[in-house]
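K.L.:
From the sequence below, what's the structure:
(one chain, ligands or ions: 2)
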Amino acid sequence: MTSTGNVAPDLRHEAELGAIVPDAVALALRAVHRAASELRRGTPVLIAEAGATAGGPRGAPLVVAAAETVGARGLAEIAAAALSPPLLLLAPVRAAAVLQRPVATGRAPAHGPEGRRLEEGAVALRLPAALLAPEALRRLADPVAERLLPEMPELQATPPLAPAALALAKLGRLLPALVVAPAREDAAATLDLLTVPAAEVLAYPAAAATSLTRVAEARVPLEDSAESRIVAFRAADGGIEHLAILVGEPEKLAAAGGAPLVRAHSECFTGDLLGSLRCDCGPQLRGAIRRMAQEGAGVLLYLAQEGRGIGLVNKLRAYTLQDQGLDTLDANRALGYGADERGFLVAATMLEQLGIRRVRLLTNNPDKMAGLAACGIAVEGREAHQFEANGVNDGYLATKAARFGHLLG
Ligand SMILES: Nc1nc2c(ncn2[C@@H]2O[C@H](COP(=O)(O)OP(=O)(O)OP(=O)(O)O)[C@@H](O)[C@H]2O)c(=O)[nH]1
Ligand SMILES: [Zn+2]
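P.N.:
Ligands and ions are numbered 1, 2, ... in the order given. Below you'll find the predicted structure:
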C-alpha cells in the first residue's frame, strides 16, 4: 500500500485509482491493439470517424475484416452489419496485380511523424458473390497464393476510412487486404463488435513509440563484450519489448558531452538467430557489438521491427516472391506493404531515456540518419557498417545500394 497521508477519504480513493487507471493514451493504444488482434483472429471490427454522428452512410462506421483470416462466421457478421455489399480494400500495387492493369489512386503521398514518406493509398474493389468466400479472399490478398479467380472484381470508390483499415491490418502484421462495408450504427451493440476510432489507428505507431518506458535491466556478459547490459523498454500497448544492449558505459560518455557509437538494428530472426545467408543482419549484429567493445562503449538498439516492419510471416512471403524474381523492395510492395515500414521514433525515444542525444551512427542507411535526426537526435557522424557478400545475399545487398540509397563505404 502506498501512504496517502492526511488526504480526505474520497480523494485518497482517487489517488489510489490513479495508479491503476490508464490514461487516455494508454486506453487508445489498448483499443487499437485489441482491434488488430481481432483481425488476426478473423473477427470483424468497426472503424469509426472521430466524432462521427449518426446518419447516412457518409458518417457510418466501416466494418472491416482481414481477407487473410476471415472465415464464414466473420463474413456472416459483416453481412449482418453492412449497409451495402462488402468491398475488398487493397493497396494499389496489389490491386493492380489482381486487375492486371495499372490503378491510379489520386492520393498525394503522406509523411509520417519522422518526416518519412509513407506509401499510402487504398483501392476498393466490388466483390462478385463467387469471390466473397474465405479461400477466394485469401487468394486475392496474397500474391504468393495461386491466382485462379473464378471472376474478376471491379473498381469502386474508396471509402474515406480505408487508410485506417489498411493501417490496422498492417499493425496486426497481416496482409493489407480487407473486406469492408459501411455499417449500421447499432452493429457494435447487436453483433458485439469492437469499435476503434480511425484517428487512433493512424496515431498508434507514434503514440506507442513515445509511451516506451524502461521495465527491466540486467548485466549480460557477451562473447564479444564482457561488459554489457540489456535494458528492456515496453510501450503502453503491452506489445513486444524493444531492447538496448549497452556496451561499457555509453551513458557516462554522453553525460560528459561525447557522442557514443550507436546502432539501430531491426530484428531479423532468420539472420540474427539462424545465420541465414539471405541478408547481412547476423554479421552486422555481431560486428556492431565487437566494434563497440573495441571502442569501450556503445549502444545497440535491438528493435522489434522484423522484416523492415512487416513481420516475420510477411518477410517469408517476400522471400518466396524474391525466389520468383522480385527484388527485396518490389517483394514488399507486391504484398501491399511499403518498401520500408519502420519508424525511428522508437529508437529516438529509447536513446532519450538513456540520456543519449548525440550519436555516431553505425549504418549504411541514410534513412536511419534522417529518421533519427527528425526525432531530435543529433547524428554527428556515420560509421560505415558493411560486410562482404556471401554468394547468396549479393543481389539483396546490390538492391539496398541501388534502390534504397545505401551508402557504400
Ligand atoms: N521485408 C524484408 N525484410 C528484410 C529482408 N531481408 C532482411 N530484412 C529485414 O531488414 C531489416 C534489416 O535491418 P537493418 O540491418 O537494421 O537495416 P538496414 O536498412 O539494412 O540498414 P543498415 O544495416 O543500418 O545499413 C531486418 O528487420 C530484417 O529482418 C527482405 O528481403 N525483406
Ligand atoms: Zn536479416
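
K.L.:
what's the lengthiest helix in the chain packed up against?
P.N.:
Counting residues, the longest helix found in the chain (DSSP state H) is helix 24-41. Where contact means 3 or more C-beta pairs under 8 Å, 6 or more residues apart in numbering; DSSP states H and E, helix 24-41 is packed against strand 45-48, strand 62-66, helix 162-171, strand 195-197, helix 198-210. The way it works is simple: take the backbone N, C-alpha and C, and place the C-beta from them, glycine included.

K.L.:
Kindly recompute the last result at 7 Å.
P.N.:
strand 45-48, helix 162-171, strand 195-197, helix 198-210 (3 or more C-beta pairs under 7 Å, 6 or more residues apart in numbering; DSSP states H and E).

K.L.:
hang on, Ser279 is in a helix, isn't it?
P.N.:
Quick fix: residue 279 reads Cys, not Ser. No - under DSSP: H, G, I helix; E, B strand; the rest coil, Cys279 falls outside any helix and is assigned coil.

K.L.:
tell me the phi and psi of the nearest residue to it once chain neighbours are set aside?
P.N.:
The spatial neighbour of Cys279 that comes closest, neighbours along the chain excluded (C-beta to C-beta, 6 or more residues apart in numbering), is Gly271 at 4.6 Å. Here is the backbone geometry of Gly271 (degrees, to the nearest 10): phi -80, psi -50.

K.L.:
need the contact list for Gly271.
P.N.:
Taking C-beta atoms under 7 Å, 6 or more residues apart in numbering, we find Gly271 in contact with Cys279, Cys281, Gly282.

K.L.:
Pretty sure the second one sits against Leu273.
P.N.:
Meaning Cys281. No - applying C-beta atoms under 7 Å, one finds Cys281 not in contact with Leu273, separated by 9.5 Å.

K.L.:
any idea how far the residue in the stretch 51-200 of the chain that ligand 2 sits nearest to lies from ligand 1?
P.N.:
Here the residue of the stretch 51-200 of the chain nearest ligand 2 is Arg173; by C-beta to the ion that distance is 16.4 Å. Distance of Arg173 to ligand 1, computed by C-beta to the nearest ligand atom, to the nearest Å: 11 Å.

K.L.:
That residue in helix, strand or coil?
P.N.:
Applying three-state DSSP: Arg173 is coil.

K.L.:
residues near the residue lying closest to Leu326 once chain neighbours are set aside, how many?
P.N.:
Nearest residue to Leu326 in three dimensions, chain neighbours excluded: Ala334, at 6.1 Å (C-beta to C-beta, 6+ apart). If you count neighbours by other C-beta atoms under 10 Å, Ala334 ends up with 22.

K.L.:
pretty sure Ala334 contacts Ala91?
P.N.:
No - judged on C-beta under 7 Å, Ala334 makes no contact with Ala91 at a distance of 9.4 Å.

K.L.:
which one is Arg94 nearest to, not counting chain neighbours?
P.N.:
The shortest distance from Arg94 to any non-neighbouring residue, by C-beta to C-beta, 6+ apart, is to Gly336 (4.3 Å).
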